[in-house]
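Chemist: fold the following and give me the result.
(chains A, B, C and D)
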Number of protein chains: 2
Amino acid sequence: MAKEKQVRLTRLELEVMGAVWALGSASVREIQEQLPERKRPAYTTVQTIIYRLEEKGAVRRVKKIGNAHIFEAVVTRKAAHNRLLDELLHVFGGSPRSLMAQLVETGQLTLQDIRDLESTLGELESNKSAATGARESSGSEKKSKRPGRRAK
Amino acid sequence: MAKEKQVRLTRLELEVMGAVWALGSASVREIQEQLPERKRPAYTTVQTIIYRLEEKGAVRRVKKIGNAHIFEAVVTRKAAHNRLLDELLHVFGGSPRSLMAQLVETGQLTLQDIRDLESTLGELESNKSAATGARESSGSEKKSKRPGRRAK
DNA sequence: ACAACTCAACCACAGTTGTAGTAGATTCAA
DNA sequence: TTGAATCTACTACAACTGTGGTTGAGTTGT
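Modeler: Numbers count the residues shown, from 1 in each chain, chains lettered A, B, ... in the order given. I've put the predicted structure just below:
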């Protein structure tokens, strides 16, 4: 899986992709309105970004409603995030630990967070070894996030 | 303390700053040679970057040896890293946990890493409370940690 | 004292990013 | 059918980035 072409997204492009990911598929107008008003660019600005994203292969036109094109993401949020994370890791000397350490130092990650993460991870580990035959298909993207915690 | 002016560094600038941080203080030539040869820009390219970094206030000239200026970092590595981390966090919806989760999912952070971190953090925590007057809350102390300044 | 070097200062330039205006095609409400 | 709304497809453009050349001043070995 994943033959994704590693596009590099700029800040604004990421902002727009965020809207696209949130909406699933939408017109330029909808995307623009999805952006936080505080930093909402002009309609044509969003349009330009969408075009560039299309050229980069990050989104594509899926259909047309009225005279408006409807776009949807090609690059998944996860893939994009991963790309960013890798780049950041490179800056951090490739060590995820120093990155974590910094999060902790600045109080953005608490001991509690880490403990939660650890137990969740523990479960995953055991699930993996125990249930390597119970696959629930469909969602190619949203890995089973265990009910109770996440929402959309 | 800390009147640091939050400079935004580009990829190349970060690369150069990396060399400066590693060297402590150095001439353009030394900085250039510190860069990994695989992606080592021309001398003048590094010089240009250093000049730009100087304008941004990220480095400064501290003295002159021969006819060469010696530069040193004004912005600390930690400050720069922090800035990047904050930006990444914003993209991740402000949640350090989803960031961690992604690190784990991609196998870049192992259960072992987390355990190590946890114990290290545990020590720090107890040290801190021991020093401030011993206030250990067994469960989840979700103290509102606004970006206020902490001593260290 | 000089030639050979090394640097500092500038300058140049194309590609990227953020931001948006314009003109003409479509669609919609009366 | 028409004028108002919307959209698309272009075009524009300045600031930022990456990259490196040129020139002339300063330094050095011999």
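Chemist: enumerate the positions of stretch A:70-80 that are buried.
Modeler: A:70-71, A:73-80 (16 or more other Cβ atoms under 10 Å in any protein chain shown). Where C-beta positions appear, they are placed from N, C-alpha and C, glycine not excepted.
Chemist: once you drop chain neighbours, what's closest to the residue nearest the centre of chain A?
Modeler: Residue closest to the mean C-alpha point of chain A, counted by Cα atoms, centre = their mean, is A:R77 at 2.3 Å. Distances taken as Cβ to Cβ, 6 or more residues apart in numbering or on different chains put A:W21 closest to A:R77, at 4.6 Å, once the chain neighbours are dropped.
Chemist: list the buried ones in the helix or strand harbouring the one you found?
Modeler: Per DSSP states H and E: A:W21 is located in helix A:11-23. Going by neighbour count (16+ other Cβ under 10 Å), the buried part of helix A:11-23 is A:12-21, A:23.
Chemist: return the distance of the residue nearest to A:R77 relative to B:A19.
Modeler: Between A:W21 and B:A19 the computed distance is 36 Å (Cβ to Cβ, to the nearest Å).
Chemist: now A:T110
Modeler: 34 Å.
Chemist: repeat that for A:K56.
Modeler: A:K56 is 31 Å from B:A19, by Cβ to Cβ.
Chemist: do the same with A:G57
Modeler: 34 Å.
Chemist: over to A:E30?
Modeler: If you go by Cβ to Cβ, the gap between A:E30 and B:A19 works out to 45 Å.
Chemist: residues in chain A within reach of chain B, list them.
Modeler: Residues of chain A lying near chain B by Cβ under 8 Å from any Cβ of the partner chain: A:14, A:18, A:78, A:81-82, A:84-85, A:88-89, A:91-92, A:96-97, A:99-104, A:106-118, A:121-122, A:125, A:143.
Chemist: what subset of those is buried?
Modeler: A:14, A:18, A:78, A:81-82, A:84-85, A:88-89, A:91-92, A:96-97, A:99-104, A:106, A:108-111, A:113-114, A:117-118, A:121.
Chemist: among those, which are in helices?
Modeler: A:14, A:18, A:78, A:81-82, A:84-85, A:88-89, A:91, A:96-97, A:99-104, A:111, A:113-114, A:117-118, A:121 (DSSP state H).
Chemist: for A:S27, grab phi and psi.
Modeler: When read as degrees, to the nearest 10, the backbone of A:S27 gives phi -90, psi 170.
Chemist: pull the contacting residues for it.
Modeler: Shown in contact with A:S27 (Cβ atoms under 8 Å, 6 or more residues apart in numbering or on different chains): A:65, A:68-71.
Chemist: may I have the phi/psi pair for A:T10?
Modeler: Main-chain torsions, A:T10, degrees, to the nearest 10: phi -80, psi 180.
Chemist: tell me the spacing between it and A:A58.
Modeler: To A:A58, A:T10 is 11 Å away according to Cβ to Cβ.
Chemist: more neighbours, these two?
Modeler: A:A58 (25 against 11; other Cβ atoms under 10 Å in any protein chain shown).
Chemist: roughly how far apart are the more buried one and DNA strand C?
Modeler: According to Cβ to the nearest atom of the strand, to the nearest Å, A:A58 stands 11 Å off from DNA strand C.
Chemist: name the nearest residue to that residue, ignoring sequence neighbours.
Modeler: Excluding the flanking residues, the one nearest A:A58 by Cβ to Cβ, 6+ apart is A:V75, at 4.6 Å.
Chemist: hmm, that neighbour is touching A:V7, no?
Modeler: Yes - between A:V75 and A:V7 there is a contact under Cβ atoms under 8 Å: 5.9 Å.
Chemist: now list whatever residues contact both of the two.
Modeler: Contacts common to A:V75 and A:V7, judged by Cβ under 8 Å, 6+ apart, are A:57-58.
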